[in-house]
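S.K.: Here is my input; please provide its structure:
(4 chains, ligands or ions: 2)
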Amino acid sequence: MFFQAEVVITPREGVLDTQGKAVEKTLTHLGYKGLDEVRVGKIVKMKLEAEEEKEAQKTIERMCSDLLCNDLIETFKISVREILQ
Amino acid sequence: MFFQAEVVITPREGVLDTQGKAVEKTLTHLGYKGLDEVRVGKIVKMKLEAEEEKEAQKTIERMCSDLLCNDLIETFKISVREILQ
Amino acid sequence: MDYKSAGLSDPEYRRIIEILEREPNPLETQLIGVMWSEHCSYKSTKRLLRTFPSKGKYVLQGQGENAGVVDMGEGWGFAFKVESHNHPSAVAPFQGAATGVGGIIRDIIAMGARPSVSMDGLFFGDPDLKKTQNLSKGIVEGIGAYGNAVGVPIVGGKTFYSPCYTDNPLVNAFSAGFVRLDKMASSQTAKKGDLAVLLGSKTGRDGIAGASFASRELDEDSKSSRPQIQIGDPFEEKLLIECCMDLLAQNLIASMQDMGAAGILSSSSEIAHKSGCGIDITVEKIPLREKGMAPWEIFLSESQERMLLIVEQDKLDPVFAMAAHYGLDCAVVGTMTDSERYRVYEHGELIADLPTSILGDATEVVWPSAEPKDIRERITMNPSSLISAEPERDLLSMISCPNGRSKHEIWEQYDSMVQLHTIDGPGSPVAAVEVPDTARVCVLTMEAEPNKCRTDPYIGASETMALSLRELWITGAEVLGMTNCLNFASPEAPEKFYELEQCVKGLADTCRSLDCPVVSGNVSLYNETSGGQIYPTPLVVTAGLIEDRNKRLASGKAATGDTFYLAGDLCGSLGASRYQVMKNGTPAGKTVAPDHSKEKDFRERALKTAAAGAASSGRAVAGGGLAVALANEAIASEKGISIEINSSVPPEEILFSEGGARAVYAVPEGKEQVFESIWEGFPCTKIGAVSGEDFEWKEMFSIELSKLKKAFLEGCF
Amino acid sequence: MKTAVVVFPGSNCDRDVQRAVCESLKTSVDMVWHEEERFSIQPDLVVLPGGFSYGDYLRSGAMAARSPIIKAVIEHAERGGLVLGICNGFQVLTETKMLPGALLPNTSLTFICRRCHVRVEQTDNKFTYGFKKGEILQFPIAHHEGLFFLPEDELKKLEDSGRVVFRYADPCTGKAGAEYAPNGALNGIAGICSEKGNILGLMPHPERATISHLNGGTDGIRFWDSIAKAFAERGAF
Ligand SMILES: Nc1ncnc2c1ncn2[C@@H]1O[C@H](COP(=O)(O)OP(=O)(O)O)[C@@H](O)[C@H]1O
Ligand SMILES: [Mg+2]
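M.R.: Ligands and ions are numbered 1, 2, ... in the order given. Next comes the predicted model:
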């Protein structure tokens, strides 16, 4: 089976998000009002093959701790859905 | 009304994704198999105030073309949901 | 394929039929169309470029290769070239500028040299406009992102602001590298039976037809017709550098060529044509990043980070092994033949068959030339508008204005020290780097004088060249050669072509009489939009050599006790000077036409001054004139200066006039006599000394050094 | 002192460190490709050089930290061997968790290359043994991600255990701290060491201040001498 996975990686609460702050500032400069808590994160998308959804989910979790996410500064959220090859 | 918005920004189809390429290679090196089309993008999250959902959506769209997204090389997807302040 | 949409004119198309003795098929039409574009063929300027002096005793490789090479001694060659990336940077500032840096680096690799230094020439519009700020931010970040990651230091550059660049920013990327003479590579040494190998990134739909894109003006249409933007991958490029250096060290490459404009097509046809061979290429062997690409897309794709290697059959295995070591894609895509034909096969079928000469030899175009109608107006200036009532204020304005202030906000974003050989980096008028494993120093200047070229293209270009030479002579360097980038508007307008012709003549004449061969270069035309045209902008990068680094005369080294001298005339001209433009808004008046015999005289004395160690610091009088040269010297040396000049000449002339062979020197105690005797018989005046905490000009002003510094560094006072 | 410099794909200060160490310590330096699983000659000092391993994609240092050679580097450190991470090498050390913390983008969100000053905060380790506490050194920096970060409680632990080795400083007043950090580093931290003092990571580039006729200064010469001195007097292991 084939899956499309998405990992959303965001800076942890309490970690300086310089980029988020800069984006918020620039948007405010551009005239946007009422913004708050602008955060900038990363998203990693991929196709992968696995026996079943649970396994795909597990694999992606391992990838996150192996490489994609630094848990000192980031948290992640995974979503996986089956696709046709 | 208050909204939580998320903008997912990904490299356009066909545009070289340098990060995605490098991540895919490293994951493969680390022993992950059956991966394909690894893409790395950005995600911007924010809270904002608006009269209604439609307006919030519109505002975010404008932000994308004003700042968040470079439409030559990136595409974006917006999601907005209402939250309590 | 309609030949017109391939960019070919009626006479060009007729000529093709004549040469082929048949109609070209659609693929062939595309291929020829791109190779005959201005960008690839230099059809409008070839004739002019031939007038450059190309010979010199240090020239190892002149025009016609990927980069020129000069002799740095002790077995080292120095390959260098500058190239424009104007159109791409206007459309996509970050990526356009980044890929400009990457592209010029591959030209250096193609000479077998390890890319060692880069510089960037940036021309931006009105600095007060949001548009300019966005463009310049993107461009500078793009250059930094690529240069920093690929590990080639940016040791200097040029930044110039004028409203004429608002819609047409210019990005000129210079790169250079050192090469052992016995390891020099060439694009002209392929032989029958050798294999054509593609190394590096897979081919995608990036920048297809970018070459023809760069060969016309930017219009509203360019937005929709613009090619898929090229993305630079400095990581891949770094691997490409290391891989190519290793391959060359083991003598595994017979010939090589980078892939720039018109990608596989131009690189493979050039190598075949220049080597006197033919080439057979098999489309399906080319590694692709995307599915469903048509042959013409594959051949014209400008995907970055690719090199074409020509490899002898029995060396293929080690080449593939090396590519694998660096994790680079590598594929045999063709074979060199003796047919002198450029043949493309797809699944066994011959789909294009052209003489290699047709791709290399586009017909030259001769555009009519006419002196601009407003030339009188351009060279007429109104002296009464230039009176300096408040010299102090004027000086502070001059060193804090966008063109006069420090450019550190730009160059601190660049790694200027990686590779551990930078002796003097950005911020110094002349960049200096070590020649590997020697006591020798390679010095470089980048100059452009668009305002002066605007009012008098011939004199302006001459002064640009002369200034860059003076700067090198002052350091004590022997001049080895220069490379240039000619940035102009459309050659199809007779007045614009005139400017181009005159600038080339100015450069060529100056180079010829002052012994500076032209070893490489690049032309960028059609820098105009409906909003306007750029000023003629020839940019020159000149390379020099100092054999003993202890004999180099630096700037910004004035020390306590030093006496200041002005070598050269007291005044130049206010015509098209920074001061004149600041006062009047647009350039007017002529600058001083360089007097070649005087320049030579200056050269001998400047070289002697450095060799004798007769000065502790030296600096050419350039933009902003004498006052700005001294102010810069005070700031860089962190020393107060006191100046006294008794003359009846109006203050603005003394302070701010430009042009002429002139330099300021700080001469240490005990060296005055040596110095004076070197300069005896040349205009030379003692003008002051290092002293106190202020920049003081007797009977004119006295500015605290800290105030001066703030104006220069922060752009306000 | 046998030295090995690890070369990752994209490293670009590897040859610079090699030259700096060769010239100042008069020893030969092994260059070790990241795909090796062990050092062929057991080094005393392993240097993870600066540059852009893997193009700094994803997170700087992240992919290099997963290279085959890293296992050997960890073993070397566990035996007490010296490990020095400069700039990108420091980022690799935090990604491998050999040192605590993370290096976030500079507050300016730009790359910064310039000379800067750091104060030596402690000398009880295998690297700054030859300096006096409080000395100010000038080293160039060149990075985009140099903001040292640790959550508050861990930062306090790091400070309390005296493992901050270099702090950005003002050369005139001798004061050091966050306000002198060009990159926004917490507490102005420029370099830290491991508990045993045998692993050092720092953002500035001592190798760029080693060749006296170049424009980076000469304090790097003393830095290498200091390591040699510590090694001679205290041994590596
Ligand atoms: N884009 C740039 N990149 C690197 N260095 C630059 C750049 N622009 C200017 N510089 C450096 O700043 C100094 C002055 O720059 P320049 O633009 O030529 O002004 P000036 O006309 O005063 O010489 C030079 O040392 C030059 O190398
Ligand atoms: Mg200059």
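
S.K.: and the residue of chain A found nearest chain D, what is it in contact with?
M.R.: As assessed by Cβ to the nearest Cβ, chain D sits closest to A:Ile73 within chain A, at 4.8 Å. All C-beta atoms are positioned from the backbone trio N, CA, C, and that covers glycine. Contacts here follow Cβ atoms under 8 Å, 6 or more residues apart in numbering or on different chains; on that basis A:Ile73 touches A:11-12, A:15, D:102, D:104, D:149.

S.K.: Would you check which pair of those lies furthest apart?
M.R.: Farthest-apart pair in the contacts of A:Ile73 is A:Arg12 and D:Leu104; separation 11.3 Å (Cβ to Cβ).

S.K.: Give the residue from these two that has the larger number of neighbours.
M.R.: Neighbours were counted for A:Arg12 and for D:Leu104 using other Cβ atoms under 10 Å in any protein chain shown; D:Leu104 has more, 24 against 13.

S.K.: out of the contacts of A:Ile73, which one sits closest to C:Ala631?
M.R.: Ranked by distance to C:Ala631 (Cβ to Cβ), the contacts of A:Ile73 are led by D:Leu104 at 39.1 Å.

S.K.: pretty sure the closest one is in contact with A:Thr18, am I right?
M.R.: Yes: counting by Cβ atoms under 8 Å, A:Thr18 is a contact partner of D:Leu104 at 6.6 Å.

S.K.: Overlap of the contact sets of these two?
M.R.: Counting by Cβ under 8 Å, 6+ apart, the residues touching both D:Leu104 and A:Thr18 are D:Leu147.

S.K.: Chain D contacts on chain A?
M.R.: Applying Cβ under 8 Å from any Cβ of the partner chain, we find that chain A lies next to chain D at A:14-16, A:18-19, A:22, A:42, A:66-68, A:70, A:72-73.

S.K.: hmm, 6 Å instead?
M.R.: A:18, A:22, A:67, A:72-73 (Cβ under 6 Å from any Cβ of the partner chain).

S.K.: Among those residues, which lie within helices?
M.R.: Mapping the residues of chain A next to chain D onto helices (DSSP state H) picks out A:18, A:22.

S.K.: Quick one: residues in contact with the one helix or strand D:Thr94 maps to.
M.R.: Using DSSP states H and E, D:Thr94 falls within helix D:88-95. Residues from elsewhere that reach helix D:88-95, judged by Cβ atoms under 6 Å, 6 or more residues apart in numbering or on different chains: D:48-51, D:53, D:60-62, D:64-65, D:85, D:99, D:101-103, D:201-203.

S.K.: same deal with stretch C:309-323?
M.R.: C:190, C:194-195, C:197, C:199, C:243, C:246-247, C:252-256, C:330.

S.K.: Skipping adjacent residues, who's closest to C:Ser490 in space?
M.R.: C:Tyr526 (5.1 Å; Cβ to Cβ, 6 or more residues apart in numbering or on different chains).

S.K.: would you say that neighbour is within a strand?
M.R.: No: looking at C:Tyr526 with DSSP: H, G, I helix; E, B strand; the rest coil, it is coil, so not inside a strand.

S.K.: from memory it sits against C:Pro491, does it?
M.R.: No: using Cβ atoms under 6 Å, C:Tyr526 makes no contact with C:Pro491, being 8.0 Å away.

S.K.: out of the contacts of stretch C:309-323, which are buried?
M.R.: By neighbour count, with 16 or more other Cβ atoms under 10 Å in any protein chain shown, the contacts of stretch C:309-323 hold C:190, C:194-195, C:197, C:199, C:243, C:247, C:252-256, C:330 as buried.

S.K.: Show only the entries of the residues you listed found in strands.
M.R.: C:195, C:197, C:199, C:255-256, C:330 (DSSP state E).

S.K.: show me where the chain has strands.
M.R.: In the absence of a named chain, this looks at chain A. A:2-11, A:35-49, A:74-83.

S.K.: ah, no, chain D please
M.R.: If you assign secondary structure with DSSP E, the strands in chain D sit at D:3-7, D:29-33, D:45-48, D:82-86, D:102-104, D:112-120, D:136-143, D:147-149, D:164-168, D:189-193, D:199-202.

S.K.: on that earlier part again, now that we have the strands of chain A, can you turn them into a markdown table and tack on mean pLDDT and distance to D:Ala190?
M.R.: Formatted as a markdown table, those follow (pLDDT from 0 to 100; distance: least, Cβ to Cβ, whole Å):
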| stretch | mean pLDDT | distance to D:Ala190 |
| --- | --- | --- |
| strand A:2-11 | 96 | 23 |
| strand A:35-49 | 95 | 26 |
| strand A:74-83 | 96 | 23 |
